[in-house]
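Student: Okay, sequence plus prediction incoming.
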Amino acid sequence: MSSPSHKDSEIGLPLGEDSALRVLPGVDGGPRGAALPRGFSARPEAKPEEIAAALLAGSRSGLSRAITLIESNAPRHRPLARELLEILSATPGRALRIGISGVPGAGKSTFIEAFGNLLCDEGHKVAVLAVDPSSTRSRGSILGDKTRMETLSRREECFIRPSPTSGALGGVTRKTRETILACEAAGCDVILVETVGVGQSEIAVHSMVDIFVLVLIAGAGDEIQGMKKGIVEIADLLVVNKADGSNRPSALATRAQFEQVMHFLTPGTALWTPPVLAASSIERTGVPEVWQAIRTFEDIMKSHGAFTARRREQAVEWWRSLVDQEWRSRLFANTAIAEKARLLEEEVIEERLLPSLAAERLLEGLKI
Ligand code: GDP
């Protein structure tokens with residue numbers, strides 16, 4: 001275990017003023033207008049090539065500044081962020097992207113604390129990101145709470161970034177995807193993306209990772225722990241956490257229950273039946289086995305070309321959805337069209353017009 005470090009800013013990633021844990025007040029110049037944290041104030045105005053150079057040279061503060069620019073909601077920062085991403089995309093990373101999901105209280109952050117330390121001990125450089133569009137908690141508190149991931153947050157090899165501020169899932173998803181690229185360009189080779197929301201945010205995380213891990217706890221197998229069946233269906237690996245002390249027998253029973261459940265579900269890939277493992281994040285037992293299973297999954301997927309295929313699918317889906325969003329926003333930026341849409345929608349609501357006909361009518365006569 002490395003000791004806490006506060007020396008300046010190379011990746012292997014020492015903590016400095018830019019450490020994620022010191023970013024609690026918020027990270028952008030967005031509409032909610034929160035003050036920028038210390039050390040970030042004028043930074044988004046810096047030149048993209050300067051930020052990229054710092055990041056590519058392994059500077060932790062360069063990475064922080066890149067993410068701050070990426071996360072900014074200020075329209076003037078978007079072209080700068082685009083320029084930055086163009087530079088960074090010339091140096092594609094080779095990180096393994098792991099999604100970690102589960103109901104609040106399942107022990108995701110405790111698991112990440114144990115798992116992340118294990119990865120760092122093995123010499124990996126790890127980034128921990130979060131997707132949390134639903135949070136009403138104060139900005140940046142999700143992973144920024146110092147009691148969460150306490151030892152991991154002190155490791156030089158680990159970069160923890162709080163969730164971008166709550167807002168529309170699309171915006172949060174975009175920021176997290178771009179942040180993944182920045183972390184990879186900065187040399188992180190394992191990216192953990194935690195999702196704290198329920199439902200849609202799991203789907204969003206699934207669409208940006210190579211393997212999707214679901215953290216479960218004992219009991220409640222029937223109702224699948226408040227999650228929709230679909231969430232279990234998209235998992236590549238299930239971990240029944242808190243398999244320790246007097247809780248261990250029920251954790252093992254839950255594991256057996258979920259193993260049965262998995263037989264009834266269609267796996268995401270014919271190459272792999274998602275295993276159900278038991279672990280204790282507090283005692284750190286079963287955690288190396290989780291990593292082993294992830295590596296096995298990676299090997300199998302890679303040896304069949306499925307790893308790259310999944311990434312390509314994700315890229316295509318993502319680009320298509322961006323085109324859709326862009327079209328919509330351009331369309332409705334036209335006030336006459338927006339008004340026409342409002343009137344047509346009223347007719348749809350009152351069942352005077354079929355949705356399909358309304359859509360046709362909105363778009364008829366439009367020249368592209
Ligand atoms: P999250 O909301 O999913 O991130 O859950 P947390 O990691 O914050 O954990 C919720 C609670 O469960 C905390 O009180 C943890 O100490 C506890 N917890 C997490 N993992 C374990 C474990 O492996 N064993 C036991 N006994 N408790 C755990």
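Tutor: Perfect, I can see it now.

Student: quick one, what contacts whatever residue of the chain ends up closest to the ligand?
Tutor: Distance from the ligand to each residue of the chain (CB to the nearest ligand atom) is smallest for Gly107, at 3.0 Å. All C-beta spots, glycine's among them, are computed from the backbone N, C-alpha and C. For Gly107, the set of contacting residues under the criterion of CB atoms under 8 Å, 6 or more residues apart in numbering consists of Val215, Ile217, Asn241, Lys242, Ser281.

Student: ok, now Ala315?
Tutor: For Ala315, the contact set (CB under 8 Å, 6+ apart) is empty.

Student: helix or strand for it, which one?
Tutor: Here Ala315 is covered by helix 306-333, with elements defined by DSSP states H and E.

Student: Among the contacts of Gly107, which pair sits farthest apart?
Tutor: Greatest spatial distance among those (CB to CB): Ile217 and Ser281, at 10.7 Å.

Student: And the residue of the chain closest to the ligand, its phi and psi?
Tutor: phi 110, psi 30 (degrees, to the nearest 10).

Student: Please, where are all the helices along the stretch 151-300 of the chain?
Tutor: Per DSSP state H, counting those that start in this stretch, the stretch 151-300 of the chain has helices spanning 169-185, 200-206, 229-233, 248-264, 287-303. These are given in chain order.

Student: Excluding chain neighbours, what is closest to Arg311?
Tutor: Leaving aside its chain neighbours, Arg311 sits nearest to Asp210 (7.2 Å; criterion: CB to CB, 6 or more residues apart in numbering).

Student: Over to Asp236?
Tutor: Nearest one to Asp236, counting by CB to CB, 6+ apart, is Ile211 at 4.7 Å.

Student: How many residues are close by the one you found?
Tutor: Ile211 is flanked by 24 other residues according to other CB atoms under 10 Å.

Student: related to what we said a few turns ago, can you narrow the contacts of Gly107 to ones near the ligand?
Tutor: Asn241, Lys242, Ser281 (CB under 6 Å from any ligand atom).

Student: Apart from its chain neighbours, what residue comes closest to the second one?
Tutor: Yep, that's Lys242 we're talking about. Once chain neighbours are set aside, the closest to Lys242 by CB to CB, 6+ apart is Ile217, at 5.4 Å.

Student: Correct me if wrong: the one you found contacts Leu238.
Tutor: No. In terms of CB atoms under 8 Å, Ile217 does not count as a neighbour of Leu238; the distance is 11.3 Å.

Student: and the gap between Arg161 and Leu63?
Tutor: From Arg161 over to Leu63 the distance is 9 Å, taken as CB to CB, to the nearest Å.

Student: Give the intersection of the neighbour lists for the two.
Tutor: Taking CB under 8 Å, 6+ apart as the contact definition, Arg161 and Leu63 share the neighbouring residues Cys183.

Student: which residues of the stretch 1-150 of the chain score low on pLDDT?
Tutor: Low-confidence regions of the stretch 1-150 of the chain, defined here as pLDDT under 70, cover residues 1-45, 133-147.

Student: Which residues of it lie near the ligand?
Tutor: Applying CB under 6 Å from any ligand atom, one finds that the stretch 1-150 of the chain approaches the ligand through Gly102, Pro104, Gly105, Ala106, Gly107, Lys108, Ser109, Thr110.

Student: Buried subset of those, written for PyMOL?
Tutor: A single PyMOL command is used to select the members of these judged buried by 16 or more other CB atoms under 10 Å:
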select buried, resi 102+106+107+108+109+110
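
Student: Dump the residues of the stretch 1-150 of the chain next to the ligand to CSV, plus secondary structure and distance to Ile191.
Tutor: As requested, those are exported to CSV (DSSP: H, G, I helix; E, B strand; the rest coil; distance: CB to CB, whole Å):
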residue, secondary structure, distance to Ile191
Gly102, coil, 18
Pro104, coil, 22
Gly105, coil, 24
Ala106, coil, 20
Gly107, coil, 20
Lys108, helix, 15
Ser109, helix, 16
Thr110, helix, 19
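
Student: rewinding a little: among the ones next to the ligand among the contacts of Gly107, who's most crowded?
Tutor: Ranked by neighbour count (other CB under 10 Å), the ones next to the ligand among the contacts of Gly107 have Asn241 at the top, with 29 neighbours.

Student: follow-up on the earlier one: who's more crowded, Ile217 and Leu238?
Tutor: Leu238 (24 against 20).

Student: can you pull the contacts of the more buried one?
Tutor: Val213, Leu214, Leu216, Val232, Phe258, Met262, Pro274, Pro275, Val276, Leu277 are the contacts of Leu238 under CB under 8 Å, 6+ apart.
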